[in-house]
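Student: This is a predicted model, with the sequence first.
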Amino acid sequence: MRQPGAFLAGLRPARNSAGSRSRSASEFEGVRKAQGAQAKNRILIAIGCFFVFYAVIGGRLVQYGLRSPETVSSIARADQLLISRPDLLDRNGEVLATDIRTVSLFAEPNKIVDADEAVELLATVLPDLDMRGIHRKLSSNSRFQWLRRQLTPRQQSQILSLGIPGIGFRPETRRFYPGGPTASHVIGHVNIDNKGIAGMEKFVDGQGLGALAAAGLTINEDLEPVRLSLDLRVQHVVRDELAAAMDRYKAIAAAAVVLNIHTGEVVGMSSLPDYDPNNPVEALQKDRLNRMSAGTYEMGSTFKAFTTAMALDSGKVKITDSFDARGSIRIGGFTIRDFHGKNRVLTVPEIFIYSSNIGTARMADMVGIDGHKEFLTRMGLLTRMQTELPEVATPNQPSVWKKINSITISFGHGVSTTPLQTAVAAAALMNGGKLIEPTFLPRSVDEAEKVAVQVIDPSTSKSMRDLMELNVTQGSGRRADVEGFHVGGKTGTAEKVVNGRYSSAVRFNAFLSAFPIDKPEYVVLVVIDEPKPEEGKSSATAGLNAAPMVSAIVRRSAAFLGVKPHFGNGAQELTLSY
Amino acid sequence: MVSRVERGPVADWFWTIDRLFLAAFVGLMGIGLMLSFAASPPVAERLGLDSFHFVERHGVFLLPALAVMVGVSFFSPRQVRRVALVTLMVSIAMMILALFIGVEIKGSRRWVSVLGISVQPSEFMKPAFVIICAWLFSERSRHPEIPGNLFAIILFGIVAALLVAQPDLGQTMLTAMIWGGMFFMAGMSWFWITLLGGVAIAGFIAAYLVFPHVAERINGFLFGEGDSFQVDTAREAIIRGDWLGQGPGEGTIKRILPDSHTDFVFSVAAEEFGIVFCMVLVALFGFVVIRGLIRAGREQDDFTRLAVAGLSLAIGFQSFINIGVNLELLPAKGMTLPLISYGGSSMIATAITAGFVLALTRRRPESRAQPRTIYRPAASVAAE
């Protein structure tokens, strides 16, 4: 053992300090003790200080621990990405649009270690990535950048396994359309933030969903589904037949609608070319518009149905009257001729089934310019149609109606209107004279009665049904008939304006029909843009393309629509029995 | 087990060493090595070195550090004083040398090359300086005729001047704080304390006015101006770590955190091992410092008391400043975390500090005398 006190003898003579304690308190020793006590107090103060220091550190750590990882202002709130939308269902409850969960890839560029490496690795999973743009994003000093929205689970797991630091995933709700393009124009689509920007999706937002979403009330909510009037089966048939016809007649576009004439419900409506709402990149291309409601066209001879109905309804023309359809009408430098010129006096049904321009013009002349304009306005053909769909075009009409206008409009030139409102007006001709606003939501007959406007006399409607039937049994619409379902209708072969002149080579064909014509339930309108003659045929008139399309649609969808077939001795006899 | 009956130096050491201190120091060194695995590979990769370059070097430095700590802990207080005196003189000589032949790194001359090894003499200066100051202060009370205070002030002046000349303001401030703390604990009168406190504040203001980078850092801390990338990233790392951490090797923010293996190793620890782990680490430092101070308070001898207290202050202030910077409690200042951060000189110098603490806190009969007197009221009364 060391000698007590030896350690004090470092650099100076040793001094027996331990021994001093045994002495009675000398003055010197008293000073030392007082100093020792003071030093202990000072050390206590130091201990207190360090307690405070480490307590502050501990407190700060707790504070950090309670703080959630920093969110960056440029990121939408995480829950905003989970905004729900109601499912859209067809009239039978089939899902047309629904929400699915996906993840989106983002980067925090300030945490990216090696932008080059990160881009290269990401490109192995997402080969279509804009490498230059992504590299610029990753090299920036920003704190948040979207790299790719709405990944598939497979992509997510592949990116996860790359182990790139500084990137992450956010859960998102994505709209999914199981039917793809089947009902694209009616359903519409949403933007990347799940806002409805077209079709019924946009309509649903306008009905308060948008406001709810903005208020943050739709986050992760289970919303009541919205049921549409569409029947997915009929919708498919319509689109399928249009696609087949587009191919068969080498047309640039085709569109069709199946409309319930008693309720105004649109049961099927399609316009080709269309787009896939799951990937709506093509939606804004010029030829992808919804031709049924957002395009206006000179409907051609189908308009003769309205002229005839107008003439009959005015009381100035009776179904038994005859008009001189010989030669031609010359007016203001124009010459009006007949396509199927019979060059004789024609009765009203003959004018209709032979589609006589001259005869129709003379009938319109009986009513007069003002009466003509008033009638078409009453039928809703000259004003913007009111319906849920946002994509609705406003019809065009001459600013001042002159006689020449009235004459050309009588056979469907000089006024352009949307095919859908043509179908709606036709429904009024068929259903006893009630004009009913079209709807894409389910509507009962009783509800339809409340919004219906009586536009023509029921007897006129009856005459129109007879004429439509006659045109199929004996006129240009023969190819539209379906055995048992008795289609009636009117063809329209309009010449399109090319370089300011009507061209006989480029056509816009239509077939306006109703079935079963003896007691109509549905109006089917088909239009086909620039059809070419079918192989082996020399002509491409509506009777040769639009009429068979209606026939195909009716044949395939009548059963879905709940229309019972009548197989009797033929339609002619059934009509006669009335 | 070493026999108690034996009285060899090893047995003596074994039975007198403060084992809790020893365990705490070894524990901190172990944690330092473990954190080196987390914190240093990104830096090595940035420098184009092998990923585990710094880990290997850390391990290589750890062995001599352990040996130095244990070796120093064998010393008697007198040997401690002698070793400290020699170390101090050599360090000061090397610091002077560094000013002339040192390699300039980031605008300051702190390093000298000895036998091909870069050495930062100011690190070794610190523990020696503490011991010598403790001796000078304690001499004052024993021999009032010797101007210990004056010598201590002169010594501090020399050291501070050398540190400012490098310049190394962080070490200057740390040394000043330790010296001031010891001055305070030596029982100086409030007059002196106020006077020197005033000088310290004046020096601080002078540093603020003279050195633009000091002003910049303090402004940045107080007003959030300027480049706060390091501390912002450190905060992000800690918050990302949350209570339990992302797991070893799972840290991502550490990859962009500069000086992650030295000044900001604490943030890396938080990101990978969590805030709870950091609290344990802080508690370990707190344990060492406060236990050191308590042990100092019990010491009978002025020199031992001041020396142990001063060494505890050295560890305490340095750890507090480092962690405080990591937690944005203090202005950014480059300072290593004792025994944890990477750095050869710092590691071995801290091992010397720890060795001194161990050496001076070994149980000796004199230091045990104190508690007994407390329970002898009769003797006390007699003594009054």
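Tutor: That came in fine, so what should we check first?
Student: ok, now how distant is the nearest residue to A:R556 once chain neighbours are set aside from A:V482?
Tutor: With C-beta to C-beta, 6 or more residues apart in numbering or on different chains as the measure, A:V237 is the residue that lies nearest to A:R556, at 4.4 Å, once sequence neighbours are left out. C-beta: built from backbone N, CA, C; applies to glycine. Distance, A:V237 to A:V482, using C-beta to C-beta, to the nearest Å: 13 Å.
Student: Mind checking which of these two has more residues around it?
Tutor: A:V237 (24 against 19; other C-beta atoms under 10 Å in any protein chain shown).
Student: For whichever residue of chain A sits closest to chain B, which non-adjacent residue is spatially closest?
Tutor: Of the residues in chain A, the one nearest chain B is A:P165, at a distance of 3.7 Å by C-beta to the nearest C-beta. What sits nearest to A:P165 in space, not counting adjacent residues and going by C-beta to C-beta, 6+ apart, is B:T252, at 3.7 Å.
Student: How about the contacts made by that neighbour?
Tutor: With contacts taken as C-beta atoms under 8 Å, 6 or more residues apart in numbering or on different chains, B:T252 has the following neighbours: A:111, A:113, A:165-166, B:240, B:246, B:271.
Student: out of those residues, which are inside helices?
Tutor: B:240, B:271 (DSSP state H).
Student: can you pick the most crowded of the contacts of B:T252?
Tutor: Neighbour counts for the contacts of B:T252 peak at B:E271, which has 30 neighbours (criterion: other C-beta under 10 Å).
Student: In three-state terms, how would A:F323 be classified?
Tutor: When classified by DSSP: H, G, I helix; E, B strand; the rest coil, A:F323 comes out as strand.
Student: which stretches of the chain aren't confidently modelled?
Tutor: You didn't say which chain, so I picked chain A. For chain A, the stretches with pLDDT under 70 are A:1-36, A:68-82, A:216, A:218-221, A:340-341, A:568-578.
Student: sorry, should have said chain B
Tutor: When residues are selected by pLDDT under 70, those of chain B lie in B:1-4, B:6, B:225-226, B:365-384.
Student: is the host helix or strand of B:A269 up against chain A anywhere?
Tutor: Here B:A269 sits within helix B:265-298, counting by DSSP states H and E. Yes - Helix B:265-298 comes into contact with chain A (C-beta under 8 Å from any C-beta of the partner chain), by way of B:270, B:275, B:278-279, B:282-283, B:285-286, B:289-290, B:293-294, B:296-297.
Student: Just the buried ones from these?
Tutor: Neighbour counting by 16 or more other C-beta atoms under 10 Å in any protein chain shown classes B:270, B:275, B:278-279, B:282, B:285-286, B:289-290, B:293, B:296-297 among the residues of helix B:265-298 next to chain A as buried.
Student: By neighbour count, which bits of stretch A:522-534 are buried? Give me those.
Tutor: Buried residues in stretch A:522-534, counted by 16+ other C-beta under 10 Å: A:522-532, A:534.
Student: So of these, which two are at opposite extremes in space?
Tutor: The most widely separated members of those are A:Y522 and A:K532, with 28.9 Å between them, by C-beta to C-beta.
Student: Please name the residues that touch the closest residue in space to A:L467 that isn't next to it in sequence.
Tutor: Beyond its immediate neighbours in the sequence, the residue positioned closest to A:L467 (C-beta to C-beta, 6+ apart) is A:F352, lying 4.8 Å away. In this structure, A:F352 makes contact with A:304-305, A:308, A:467, A:470-471, A:475, A:490, judged by C-beta under 8 Å, 6+ apart.
Student: Enumerate the residues of the stretch 201-350 of chain B near chain A.
Tutor: If contacts are counted using C-beta under 8 Å from any C-beta, the residues of the stretch 201-350 of chain B sitting beside chain A are B:235-236, B:238-240, B:242-243, B:252-253, B:255-256, B:270, B:275, B:278-279, B:282-283, B:285-286, B:289-290, B:293-294, B:296-297, B:300-303, B:305-306, B:309, B:313, B:316, B:320, B:323-324, B:327-329.
Student: From the contact counts, what lies against the helix or strand where A:P548 lies?
Tutor: With secondary structure defined by DSSP H and E, A:P548 is part of helix A:546-561. Contact analysis of helix A:546-561 by 3 or more C-beta pairs under 8 Å, 6 or more residues apart in numbering or on different chains; DSSP states H and E lists helix A:232-248, strand A:253-260, strand A:488-498, strand A:501-515, strand A:522-529 as its packing neighbours.
Student: helices and strands around the longest one, which ones?
Tutor: It stands for helix A:232-248. If you count contacts as 3+ C-beta pairs under 8 Å, 6+ apart, helix A:232-248 packs onto strand A:253-260, strand A:266-272, strand A:522-529, helix A:546-561.
Student: What residues of the helix ranked longest in chain A count as buried?
Tutor: Ranked by residue count, the top helix of chain A under DSSP H comes out as helix A:27-66. When neighbours are counted by 16+ other C-beta under 10 Å, the buried residues of helix A:27-66 are found to be A:33, A:36, A:39-40, A:42-43, A:46-47, A:49-50, A:53-54, A:57-58, A:60-61, A:64-65.
Student: Just give me the residue closest to the centre of chain B.
Tutor: Nearest to the mean C-alpha position of chain B, counting by C-alpha atoms, centre = their mean, stands B:I315 at 3.5 Å.
Student: from memory it sits against B:A351, does it?
Tutor: No - the pair B:I315 and B:A351 does not pass the contact test of C-beta atoms under 8 Å, sitting 11.6 Å apart.
Student: Following element in sequence after the longest helix of chain A, please.
Tutor: Sequence-wise, the next helix or strand beyond helix A:27-66 is strand A:88-89, with elements assigned using DSSP H and E.
Student: can you give me the offset of that next one from its chain's centre?
Tutor: 13 Å (C-alpha atoms, centre = their mean, to the nearest Å).
Student: in its sheet, what does it sit against?
Tutor: When pairs are called by DSSP bridges, strand A:88-89 turns out to pair with strand A:95-107 (antiparallel), strand A:226-227 (parallel).
Student: which residues are contacting the longest strand belonging to chain B?
Tutor: The strand that spans the most residues within chain B, counting by DSSP state E, is strand B:108-114. Residues outside strand B:108-114 that contact it (C-beta under 8 Å, 6+ apart): B:94, B:97-99, B:101-103, B:105, B:118-122, B:166-168.
Student: Could you rank those by neighbour count and give me the top one?
Tutor: Neighbours were tallied for each of the contacts of strand B:108-114 (criterion: other C-beta under 10 Å), and the maximum of 28 neighbours falls on B:S122.
Student: so what's the backbone phi/psi at the one residue in chain B that gets nearest to chain A?
Tutor: Across chain B, the shortest distance to chain A (C-beta to the nearest C-beta) belongs to B:T252, at 3.7 Å. In terms of degrees, to the nearest 10, the main-chain angles of B:T252 are phi -120, psi -30.
Student: and what of the one 4 residues further on?
Tutor: Summarising the backbone geometry of B:I256 under the convention degrees, to the nearest 10, its torsions are phi -110, psi 10.
Student: Then A:R170?
Tutor: Dihedral angles (degrees, to the nearest 10) for A:R170: phi -120, psi 130.
Student: Surely it and A:S104 touch.
Tutor: Yes - counting by C-beta under 8 Å, A:R170 sits close enough to A:S104 to count as a contact (5.1 Å).
Student: Can you get me a residue count around A:E374?
Tutor: By the other C-beta under 10 Å criterion, the neighbourhood of A:E374 contains 14 residues.
Student: Provide the secondary structure category for it.
Tutor: Of the three states, A:E374 takes helix according to three-state DSSP.
Student: Next one: it relative to B:R217, how far apart?
Tutor: With distances taken as C-beta to C-beta, A:E374 is found 86 Å from B:R217.
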